[in-house]
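One predicted model, sequence on top.
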Amino acid sequence: MKLFWVTLLIIVAVGTAYGANVAQGANARQSSTWKKMYTADQAVDGNTGKVFFQDTCTHTNCKDKNPHWTVCLGEKHTINSVTIHNPDKAHGRLKNIKIEVFETDPSKPGAVAQPCATIGSTPVAAGIAVTVTCPINTRGQYIRISKTVTSWHNYKCDALLLCEVDVDGTPYADCPKGFQRNQDSCYLFADDSVESWFEARIACQTMGADLVVIDSQSENDFIRSVLDAGDQNCKYIP
């Protein structure tokens with residue numbers, strides 16, 4: 001009998017766990033800085049405290065008509081969610097926000113924005129953290145937070161203030177030749193002749209991978225779609 005086996009290669013960087021905050025310590029910049037004190041790097045220094053005059057927070061200039069803040073992760077990631085820690089002195093400023101992901105530097109021509117999420121015209125309460133989820137397969141290395149509307153009607157300074165920005169992401173890498181990607185994993189559908197489950201697993205492990213263990217409906221649907229498209233006589237999936 002010819003056994004059909006599926007090997008799984010999970011692409012993760014050594015030391016980076018799934019769901020980790022990949023923005024901490026990364027390079028950040030913003031469109032302007034109020035009083036030259038509240039710099040962009042203070043939103044990725046690991047301090048999630050929200051007391052503006054005690055903790056470390058960012059603040060753009062009051063007259064900045066297009067306030068935005070950008071972090072560069074250094075390499076391409078799948079972005080799952082973004083958490084903004086809103087300072088206690090926000091005074092209703094965290095509203096009319098868009099969060100975008102870019103593969104290339106958004107300050108340079110040709111950069112294409114991938115929408116992650118928005119915060120509407122209702123302000124986020126001061127002194128809390130708000131988490132927004134990006135669409136599946138949102139990938140890039142730059143995350144930009146910007147205000148889409150600024151107003152001086154209700155308060156004197158409609159700046160962008162951030163006490164900390166957490167980015168939940170996983171490193172993204174190209175799959176080896178012959179593998180197929182599904183989300184952040186790579187799959188090889190092999191039809192080599194093997195005698196047992198143990199032989200199949202050894203073959204996988206020699207490639208730095210392992211036999212697939214299906215642990216979600218989306219993964220099951222992906223594997224089923226590939227198998228249904230083939231004409232294998234026997235499918236061996238543990």
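Yep, that arrived.

Name the SS class of residue 220, please.
For residue 220, the assignment made with DSSP: H, G, I helix; E, B strand; the rest coil gives helix.

Now name the helix or strand holding the closest residue to it other than its chain neighbours.
The shortest distance from residue 220 to any residue other than its chain neighbours is 5.0 Å, reached at residue 214 (C-beta to C-beta, 6 or more residues apart in numbering). In this view, the C-beta of every residue, glycine as well, is placed from N, C-alpha and C. Of the helices and strands defined by DSSP states H and E, none includes residue 214.

ok, residue 214 touching residue 223?
Yes - Residue 214 lies in contact with residue 223 (C-beta atoms under 8 Å); the separation is 6.6 Å.

Test for you: state the pLDDT assigned to the residue nearest to residue 220.
Looking at residue 214, its pLDDT reads 83.

Please apply the same query to residue 151.
pLDDT, residue 151: 78.

looking at this, it is in a strand?
No - applying three-state DSSP, one finds residue 151 to be coil, outside a strand.

my guess is it contacts residue 158, does it?
Yes - the criterion here is C-beta under 8 Å, and residue 151 meets it with residue 158 at 5.2 Å.

So if I had to pick from these two, which one is more boxed in?
residue 158 (23 against 11; other C-beta atoms under 10 Å).

mind listing what the more buried one touches?
62, 93, 147, 150-152 (C-beta atoms under 8 Å, 6 or more residues apart in numbering).

Write a PyMOL command that selects only the buried members of those.
Command for PyMOL that selects the buried part of the contacts of residue 158, burial taken from 16 or more other C-beta atoms under 10 Å:
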select buried, resi 93+147+150
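
can you tell me how far the residue nearest in space to the middle of the chain sits from residue 93?
By C-alpha atoms, centre = their mean, the mean C-alpha position of the chain lies nearest to residue 79, the distance being 1.3 Å. From residue 79 across to residue 93, the span is 24 Å (C-beta to C-beta, to the nearest Å).

Run through this protein and note the low-pLDDT ranges.
1-19, 152-155, 230-238 (pLDDT under 70).

Show me where it has its strands.
Applying DSSP state E to the chain gives strands spanning 5-10, 27-30, 58-59, 68-85, 97-102, 113-119, 129-133, 139-147, 161-162, 164-171, 180-182, 185-190, 210-211.

Note down every partner strand of the last one and its orientation.
To tie it back to what came earlier, the one meant is strand 210-211. strand 5-10 (antiparallel) (DSSP bridges).
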